[in-house]
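**Student:** structure of the sequence below:
(chains A and B, ligands or ions: 4)
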Amino acid sequence: MKTFEFIRAADLKGAIEGAARAKTAQQGADVRFVAGGTTLIDLMKLNVETPAHVIDINRLPLDKVETTPDGGLRIGATVRNSDLAHHPIVKQDYAVLSEALLSGASTQLRNMATTAGNLLQRTRCMYFRETAMPCNKRKPGSGCPAIAGSNRMLAILGASEHCIATNPSDMCVAMAALEATIHVQGPKGSRAIPIAGFHLLPGDTPQRETVLEPGDLITHVTLPAPISGSRQVYLKLRDRASYEFALASAAVVIKIAGGNVINARIALGGVGTKPWRSPAAEAVLLSQPATPANFRKAAEAALRDAKAQSENGFKIELAKRCLAHALQMAAKG
Amino acid sequence: MGDNPEANPTDPNRRAFLRSLGSSAAAVAVAGCSTVTPSNADRQSGSRIEDTVSITLRINGKDRPLRVDPRTTLLDCIREVVALTGTKKGCDHGQCGACTVHVNGRRVNSCLSLALMHDGEEITTIEGLGAPEALHPMQAAFVACDAYQCGYCTSGQIMSAVALLKEPCDGSDAAVKELMSGNICRCGAYANIVCAIQKVRKSGSI
Ligand SMILES: Cc1cc2nc3c(=O)[nH]c(=O)nc-3n(C[C@H](O)[C@H](O)[C@H](O)COP(=O)(O)OP(=O)(O)OC[C@H]3O[C@@H](n4cnc5c(N)ncnc54)[C@H](O)[C@@H]3O)c2cc1C
Ligand code: SF4
Ligand code: FES
Ligand code: FES
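**Tutor:** Ligands and ions are numbered 1, 2, ... in the order given. Got it, this is the predicted structure:
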């Protein structure tokens, strides 16, 4: 690990000013916030992250979960994933989020991992994590060995010829289906970013993963008021039963009335280069009978643009079955 | 199995030797850079901290004033600086659970945390649970149920198991397995680990 200056932020302003000195908030950042440390310290040990300054934000007052006046929920940036998953309001009204969080990592890691850290976790692509290998995300222009190499776990949606890495987060998939908003304070003030516009597709700049700029501190995430009477499911399929990243996952929030789907929000995990909301699947379901045949049609629509790499073609059918099954689970209630 | 390693006369010597190696290596690192000694004021919130830094960890109920390089993980601090070697390093990347300790009563992977992040916090390691002559009920249950083979993962398993009994869990074997999934056992002692945990749960002793 490269040595660094450790700074404990006394307040939000100090944290933001400290981080605003960085040249980038993306890959190669020379200033990093540390929250749970489960992504950052892992990657610092591998010399994939080499910040010269590390700003500890754990003692900032960003650890509350509160209801908002419009009936939604405000989740602080440093709320631990385990606390959020077990929060009574989350379990009651945002079950898909609780299930997604509890399907991720292990209890020890969830006790450390935070809301903001989870939003910004990095891909598990093995070439990204190994500095002896080329990787366009880690070293722009060096190439993408995953395309002709080991890509079983990698993306089938949203990939480019420069990078095919999967976004590994479970939490973000549930947040995409719940239409979360990410609140950021930066050197130029605060702004609110809908989760759909927070993560970027790799395109020809895979080193840029989000819209964050130097000094941007995520302060909290808000969820809109729950859709009353909606049913929610997070289904995650993986190589072992627990403590493993998704091969495919589905977050489903649907409302059924008189046998018809009257509201549907769908997102997929483990298959996309970002948390993958599927308006196409939602459109297929809307105003149609909640039947297994229609669920399968929605799954076909969600994966219509999927493109297999050499080792991960199986994920296309796996993701379809995952979504169709999740919809069926939700319909049964 | 079951022997107290400290009873082996060669072992403390080996430990002492490794310990002295560790401290001389640290001394070289300190000498090799312009060491700044932060004043008390420097150590308060909002300070900038460079080179080796003074912190106090409360480990197993005892305050330990320490000087650490900022890169020191909580795991390396516990093992190399404080010389409590019951906590093990398996993967060093959050993937095995061997390094599990409690921070302020919650279980975490000490390999993915910096010691500096825990200044003033309460750390419990396996040495803080029980002693060879007075085992913690979970330690006793692991012995009674034969819940290990090589023993390398065991301190992490026990730290997780003790924390688990206070976490939301419906008490079924399936739930226990799910909540213990962050602790890998290469010897495959999983079935007996579940037995040990259920034995303690049913006895209500913790
Ligand atoms: C073995 C293992 C298994 C895992 N399995 C899963 C899994 O199955 N599913 C899953 O979803 N995840 C999994 N994870 C990933 C885990 O969920 C993330 O590492 C975790 O959520 C990151 O949160 P953190 O608080 O520890 O982040 P940190 O490591 O502290 O930070 C991550 C990044 O976010 C930045 N950051 C943190 N807070 C802020 C803020 N407030 N504002 C701006 N930037 C900020 C940091 O600078 C850093 O770049 C696993 C991790 C490990 C090690
Ligand atoms: S898929 Fe992306 S992260 Fe993986 S090697 Fe290619 S460029 Fe790097
Ligand atoms: S050594 Fe920390 S999880 Fe493996
Ligand atoms: S007892 Fe050997 S690894 Fe678990």
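**Student:** in the stretch 51-200 of chain A, which residue sits nearest ligand 4?
**Tutor:** Ligand 4 sits closest to residue A:106 of the stretch 51-200 of chain A, with a gap of 15.6 Å, by C-beta to the nearest ligand atom. For glycine as for every other residue, the C-beta is placed from the backbone atoms N, C-alpha and C.
**Student:** count the residues that sit near the closest residue to that residue other than its chain neighbours.
**Tutor:** Counting by C-beta to C-beta, 6 or more residues apart in numbering or on different chains, the nearest residue to residue A:106 once its immediate chain neighbours are dropped is residue B:182, at 2.4 Å. Neighbours of residue B:182 under the rule other C-beta atoms under 10 Å in any protein chain shown: 25.
**Student:** determine the number of other residues adjacent to residue 192.
**Tutor:** Going with chain A. Neighbour tally, residue A:192, other C-beta under 10 Å: 11.
**Student:** look at chain B instead
**Tutor:** As a burial measure, residue B:192 scores 18 neighbours (other C-beta under 10 Å).
**Student:** run through who's touching the helix or strand containing it.
**Tutor:** Assessed by DSSP states H and E, residue B:192 sits inside helix B:190-203. The set of residues external to helix B:190-203 that reach it, using C-beta atoms under 8 Å, 6 or more residues apart in numbering or on different chains, is B:137-138, B:141-142, B:144-148, B:157, B:161, B:164-165, B:171, B:173, B:176-177, B:180, B:185, B:206.
**Student:** what subset of these is buried?
**Tutor:** When burial is judged by neighbour count using 16 or more other C-beta atoms under 10 Å in any protein chain shown, the buried members of these are B:137-138, B:141-142, B:145, B:147-148, B:157, B:161, B:164-165, B:176-177, B:180, B:185.
**Student:** ok now the helix holding residue B:192, how far from the chain's centre?
**Tutor:** In terms of C-alpha atoms, centre = their mean, to the nearest Å, the centre of helix B:190-203 is found 21 Å from the chain centre.
**Student:** which residue sits closest to the closest residue to ligand 2 within chain B in space, ignoring its chain neighbours?
**Tutor:** Closest contact between chain B and ligand 2, by C-beta to the nearest ligand atom, is at residue B:93 (17.3 Å). The shortest distance from residue B:93 to any non-neighbouring residue, by C-beta to C-beta, 6+ apart, is to residue A:42 (5.4 Å).
**Student:** list the contacts of that neighbour.
**Tutor:** Contacts of residue A:42 (C-beta under 8 Å, 6+ apart): B:93-94, B:112.
**Student:** give me the number of residues near residue A:310?
**Tutor:** Residue A:310 has 12 nearby residues by other C-beta under 10 Å.
**Student:** so who does it touch?
**Tutor:** Taking C-beta under 8 Å, 6+ apart as the test, what residue A:310 contacts is A:148, A:151.
**Student:** tell me the SS of it?
**Tutor:** coil (DSSP: H, G, I helix; E, B strand; the rest coil).
**Student:** that's a strand at residue A:123, yeah?
**Tutor:** No - the assignment for residue A:123, made by three-state DSSP, is coil rather than a strand.
**Student:** so it makes contact with residue A:159?
**Tutor:** No - taking C-beta atoms under 8 Å as the definition, residue A:123 is not a contact partner of residue A:159, at 11.6 Å.
**Student:** measure residue A:164 to residue A:120 for me?
**Tutor:** Per C-beta to C-beta, to the nearest Å, residue A:164 is found 20 Å from residue A:120.
**Student:** looking at these two, which is more packed in?
**Tutor:** More crowded of residue A:164 and residue A:120, by other C-beta under 10 Å: residue A:164, with 24 against 21.
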